[in-house]
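Trainee: Provided below are the primary sequence and the corresponding predicted coordinates.
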Amino acid sequence: MLTSAVYLLKKAASLYLNNFAVIFKYLLLTLIPTLIVVFAFWIPSVFSENFYFAMLAGWWWLFCLTGAAIAILVLALGMWFSFNIMRVIKKLYHGETIVPVLETTKETEKILWKGIGTSLLAGLYVAGPFVMGVLLLIINMVYTNPATTVLLLQTMPFVRTTMSVSAFLVKFGGVFTFYLGLFLTLYGAVHAIVLSIKLFPALYETVLAEKPINESIKNSLTMTKNRWWAILGRLLLSGLVVWVVYILASLLLTLLVWTVFKIFGSTGNAVANLTYNVLTQILSLLITPVPFAVAIILYEELKKLGPAQET
């Protein structure tokens, strides 16, 4: 029988608290992508005039390429350091020896691109129909825009013989994309919920068990077969508890910060806002390992049980 949500939460919380110093080192690494983003936005504000003249001189493409490169770098580093935490939590759960941070990071490098590949493929499976539906609805909005319709009627050479034929095709295309987009959006929302549970162990198979991408997807479907409701219930309940704890802690921070800075009057408002924002970011960072641990423990328990019996 699959372990309960209560066990998952207790085990995750005790694992985190008992090994806080170890996990905190890896949490600090996850701040590096954030610092890169802050630095990237800080540079234009300092050299604003130079950036303005460079844009006028036609160097906008260079800034676009630089922005894309920074975005890819930040995403890759963010996933790399997240995979680090996953592997450390797994080792702590099984009582294995934890090697230094640098060595763990080097070990994680060998599965980085496979992990990113699994994330992208699973994301495509999960969100593909929904995204396609939304895109079709956006296309429909373009069709139904009067200015766009006139432009289409004037620039479609293959139906320029009569305006009535052109108008019919534009109208038909708009109706078709609307209903197809609506269907895919509604279907895609349900599809995303169902498949997100079925594929939830896929990333852990790649990152923790070091399986190939396709094998991780197949194993995930096998592990979750006939256990969809059980997994959903445990993830929802665990997530709800973590969310409630976070909200209560945020409310406590709000009360504490505004009580302390109230003595400064209106001049303390700016400082209070800044302090509160910094503290909530720290709180979000500190609570992150708990849902990570819950999901990893659930994954490890699913592996122990093996495929579910047919009902």
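Mentor: Cool, got the structure. Remember, predicted model here, so these are calculated numbers, not experimental data.
Trainee: Pass me the low-pLDDT residue ranges in the chain, would you?
Mentor: Scanning the chain for pLDDT under 70 picks out the ranges 43-61, 142-174, 261-271, 308-311.
Trainee: again, only this time at 50
Mentor: For the chain, the stretches with pLDDT under 50 are 159, 163, 165.
Trainee: those helices in it, which residues are they?
Mentor: Counting by DSSP state H, the chain has helices at residues 5-18, 20-29, 31-46, 48-56, 60-93, 101-144, 146-155, 163-198, 202-207, 213-224, 228-261, 269-287, 289-305.
Trainee: Contact partners for Trp229?
Mentor: Neighbour list for Trp229: empty [criterion: CB atoms under 8 Å, 6 or more residues apart in numbering]. Using the backbone N, CA and C atoms, a C-beta is placed for each residue, glycine as well.
Trainee: roughly how far apart are it and Ile197?
Mentor: Distance, Trp229 to Ile197, by CB to CB, to the nearest Å: 9 Å.
Trainee: follow-up on the earlier one: pick the most deeply packed of the helices of the chain.
Mentor: Of all the helices of the chain, helix 202-207 carries the top mean neighbour count, a mean of 26, counting by mean count of other CB atoms under 10 Å.
Trainee: got a list of contacts for that helix?
Mentor: So helix 202-207 is contacted by 83, 86-87, 108, 111, 114-115, 117-119, 122, 211-213, 215-217, 219-220, 295-296, 299 (CB under 8 Å, 6+ apart).
Trainee: Try it again at 6 Å.
Mentor: Identification of contacts with helix 202-207 by CB atoms under 6 Å, 6 or more residues apart in numbering yields 83, 86, 111, 114-115, 118-119, 122, 211, 216-217, 219-220, 299.
Trainee: Stretch 33-41 now?
Mentor: Residues from elsewhere that reach stretch 33-41 (CB under 6 Å, 6+ apart): Ile70, Val74, Leu77, Gly78.
Trainee: Look up phi and psi at Leu208.
Mentor: Taking degrees, to the nearest 10, you get phi -90, psi -40 for the backbone angles of Leu208.
Trainee: Leaving out the residues flanking it, which one is nearest to it?
Mentor: Lys90 (5.0 Å; CB to CB, 6 or more residues apart in numbering).
Trainee: Is it correct that that neighbour is in contact with Ala209?
Mentor: No: counting by CB atoms under 6 Å, Lys90 stays clear of Ala209, with 9.3 Å between them.
Trainee: Chain neighbours aside, what residue packs nearest to Ala13?
Mentor: Per CB to CB, 6+ apart, closest to Ala13 is Val290, 6.5 Å.
Trainee: do the same with Leu184
Mentor: In space, Leu184 is closest to Gly133, 3.0 Å off (CB to CB, 6+ apart).
Trainee: ok, that neighbour to Ile193 distance?
Mentor: Look at Gly133 and Ile193: by CB to CB, they are 15 Å apart.
Trainee: Equivalent analysis for Leu298, please.
Mentor: Counting by CB to CB, the gap from Leu298 to Ile193 is 17 Å.
Trainee: wait, Gln122 sits on Phe200?
Mentor: Check again: residue 122 is Ala, not Gln. No: using CB under 6 Å, Ala122 is not in contact with Phe200, being 8.7 Å away.
Trainee: ok, the closest residue in space to His191 that isn't next to it in sequence - contacts?
Mentor: Once flanking residues are discounted, His191 sits nearest to Pro129: 5.2 Å by CB to CB, 6+ apart. Residues near Pro129 by CB under 6 Å, 6+ apart: Leu184, Tyr187, Gly188, His191.
Trainee: would CSV of those residues with distance to Ala12 be doable?
Mentor: Shown next, in CSV, are those (distance: CB to CB, whole Å):
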residue, distance to Ala12
Leu184, 37
Tyr187, 34
Gly188, 31
His191, 29
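Trainee: So which of those is the closest to Tyr26?
Mentor: Proximity to Tyr26 was ranked across the contacts of Pro129 by CB to CB; first place goes to His191, at 34.1 Å.
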